[in-house]
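**Q** give me coordinates for this.
(one chain, ligands or ions: 1)
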Amino acid sequence: MTRALVLYSSVTGNTEKVAERIAETLRKEGCDVSFVRVDEETSIDLLEFDLVFLGSAVHQWLPTKTMMDYVKRMLKHYFKLGVIVPSVPIKPGKYAVCFCTFSGPHTGVSEAVPATKWMRVFLEHVGFTVLDEWHIVGEFKNSEENSTLGRLGNIKGRPDERDLAEVEERVVGILNALKLCYS
Ligand SMILES: Cc1cc2nc3c(=O)[nH]c(=O)nc-3n(C[C@H](O)[C@H](O)[C@H](O)COP(=O)(O)O)c2cc1C
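**A** I've put the predicted structure just below:
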């Protein structure tokens, strides 16, 4: 059974919605799923899992401080263990997907790309093969202006059921690709 982890940081609930749909889909598809919201204490070892979904809200083009602090803590840990070395070996059977929710009020999706890249490089340092980066639109809660007048137009209510259905399809797609790779 695939051991999957959904590890995420969310302040106003959008990323949590996406994370929940990812976890539900993984469970439906028969994975053993751990679902964890990152906080100041989190020190979960990613290498205990075969498939990791690492997600965050975007704050000033990057993941949240809570997510970045977790990553920095774990970097220290993996350096100490000798996991991170020059030309980090790619670990067989260790796959990951990075995702974020963002509002893109000023420049659109370019505001989200650095956030997933930042998380991606971390995962690659640990030896994961990162299969994809997902940028999912999320309403800018408590800001009418940023939710209606930005580069993405009116994004109130996002991620909506359509966004979440797409996430579900993508999770199934990833699992199909892995099944084919193992068979
Ligand atoms: C302090 C703060 C900074 C933000 N900075 C950005 C940003 O630079 N780019 C962007 O696209 N969205 C930005 N947003 C919008 C959030 O990324 C977006 O609404 C996201 O879906 C929130 O996720 P959450 O509900 O899981 O916290 C910001 C939101 C807050 C509260």
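**Q** residues contacting the residue of the chain found nearest the ligand?
**A** Using CB to the nearest ligand atom, G138 is the residue of the chain that sits closest to the ligand, at 2.4 Å. C-beta here means a position set from N, CA and C on the backbone, and glycine is covered the same way. Counting by CB atoms under 8 Å, 6 or more residues apart in numbering, G138 makes contact with 14-15, 57, 101-103, 155, 158-159.
**Q** switch the cut-off to 7 Å
**A** Residues near G138 by CB atoms under 7 Å, 6 or more residues apart in numbering: 14, 101-103, 158-159.
**Q** tell me which element the most centrally placed residue in the chain falls in.
**A** With distances taken as CA atoms, centre = their mean, G55 lies nearest the centre of the chain, 2.4 Å away. Assigned by DSSP states H and E, G55 falls within strand 51-59.
**Q** where are the low-confidence patches of this structure?
**A** Of all residues in the chain, none has pLDDT under 70.
**Q** got the residues of it near the ligand?
**A** Within the chain, the positions near the ligand by CB under 6 Å from any ligand atom are 10-16, 57-61, 101-104, 111-112, 138, 140.
**Q** are any of those buried, and which?
**A** Buried members of the residues of the chain next to the ligand, counted by 16 or more other CB atoms under 10 Å: 10, 14-16, 57-59, 61, 101-104, 111-112, 138, 140.
**Q** just the ones in helices from these, please.
**A** Of these, the ones assigned to helices by DSSP state H are 14-16.
**Q** of those, closest to E24?
**A** Nearest to E24 out of those is E16 (CB to CB; 12.4 Å).
**Q** does the closest one touch L7 like I think?
**A** No. In this structure E16 lies outside contact range of L7 using CB atoms under 7 Å: 11.9 Å.
**Q** what helices and strands are in contact with the longest helix seen in the chain?
**A** In terms of residue count, the longest helix belonging to the chain (DSSP H) is helix 161-182. Here helix 161-182 touches helix 14-28, strand 129-137, going by 3 or more CB pairs under 7 Å, 6 or more residues apart in numbering; DSSP states H and E.
**Q** go ahead and name everything in contact with that helix.
**A** Contacts for helix 161-182 (CB under 7 Å, 6+ apart): 17-18, 21-22, 25-26, 29, 95, 97, 131-132, 134, 136-137.
**Q** next one: stretch 41-61
**A** Contacts of stretch 41-61 (CB under 7 Å, 6+ apart): 2-11, 14-15, 18-19, 22, 36, 63-64, 67, 70, 73, 93-102, 111-112, 114-115, 119, 123, 126, 128.
**Q** distance between it and the chain's centre?
**A** Distance of stretch 41-61 from its chain centroid, counting by CA atoms, centre = their mean, to the nearest Å, is 6 Å.
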